Every structure is written in C-alpha cells, then in structure tokens.
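Student: quick one, fold the following:
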Amino acid sequence: MYLPRIDRHSLGRKMQFVEISERHRSNRLGIVEPEGMRIIGARWLDVVFLPLVGFDASGVRLGTGGGYYDRAFAFRRWRKAWHTPQLVGLAYAFQQVEAITSAAHDVLLDAVVTEKGVIRCATG
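Tutor: Just a heads-up that it's a prediction; the model follows:
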C-alpha cells in the first residue's frame, strides 16, 4: 500500500506515491506523510482513494485547489481503453451536487463511496 506525498524536491506542485512506513513527518502544509523510500509511479497503482470537497454524478471532483491529484493522473485523460488506476472518491452523500463545471485539466472519478453506498460515475 502506498500513500501520497508532496514531492519536496519539485518546484511545481507534484505528488509521489510512497510505500507506507512507520516513519512519518509533517509537510509544509501540516499534512502527515510517510518518509519511506520506495516510490511507485501513479500509472502502476490499481485503485486510488481520493479526498474531495464535492462531486457530481459525471465524476467531476472538487478538491481543495492544489491540483496535485489532477497532475498526478493527467495521463488518464488521453487513454482510450486502459483506465487504471481506478479513481474512487471518499465523501459524504451531502457532498454530491447536481453539476460541477469541469476544467480542461480535471481528471474524472470512476466512483465515489459514501455512507449511503457506491456511486458509479458516468465517465468517458
């Protein structure tokens, strides 16, 4: 299993996926991250659970504005058949809204898990 970590060596807003380890530290935003050394490319993950602020039935995800996940999974926008990793949002049902206007850089969710069940998004 892997956890996201902001790439400390990147000048841009990039994220890495690091194997879970016992050692952790807070990043510049105050988020606790693993200090592990084993990194995997986002393309090689099977399923990713993403936090969100809001979402709609078409899979548009409203995050907190950093764009880390959209940049990490941008390659999914150009794939025609192979859509891994599966992107699954974690939310409460009240966070679903009728529609969110997507931006060109948005990467769509495949599903969202809420306390009321799984919502399969109408992606692609």
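
Student: which ones are touching residue 41?
Tutor: Applying CB atoms under 8 Å, 6 or more residues apart in numbering to residue 41 gives the contacts residue 17. For every residue, glycine as well, the C-beta is placed using N, CA and C.

Student: could you check how far it is from residue 117?
Tutor: Distance of residue 41 to residue 117, given as CB to CB, to the nearest Å: 31 Å.

Student: please apply the same query to residue 91.
Tutor: 12 Å.

Student: okay, helices next: where are they in the chain?
Tutor: 68-72 (DSSP state H).

Student: poorly predicted segments of it, please.
Tutor: 10-12, 80-82, 123-124 (pLDDT under 70).

Student: now do the strands in it.
Tutor: 2-6, 15-19, 24-26, 32-34, 39-40, 47-51, 54-55, 61-62, 86-90, 111-114, 117-120 (DSSP state E).

Student: now the ones you listed in JSON lines, with mean neighbour count and distance to residue 68?
Tutor: Formatted as JSON lines, these follow (neighbours: other CB atoms under 10 Å; distance: least, CB to CB, whole Å):
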{"stretch": "strand 2-6", "mean neighbour count": "18", "distance to residue 68": "7"}
{"stretch": "strand 15-19", "mean neighbour count": "18", "distance to residue 68": "4"}
{"stretch": "strand 24-26", "mean neighbour count": "11", "distance to residue 68": "16"}
{"stretch": "strand 32-34", "mean neighbour count": "16", "distance to residue 68": "12"}
{"stretch": "strand 39-40", "mean neighbour count": "12", "distance to residue 68": "15"}
{"stretch": "strand 47-51", "mean neighbour count": "15", "distance to residue 68": "10"}
{"stretch": "strand 54-55", "mean neighbour count": "20", "distance to residue 68": "17"}
{"stretch": "strand 61-62", "mean neighbour count": "20", "distance to residue 68": "12"}
{"stretch": "strand 86-90", "mean neighbour count": "18", "distance to residue 68": "13"}
{"stretch": "strand 111-114", "mean neighbour count": "17", "distance to residue 68": "18"}
{"stretch": "strand 117-120", "mean neighbour count": "12", "distance to residue 68": "23"}
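
Student: alright, calling it a day.
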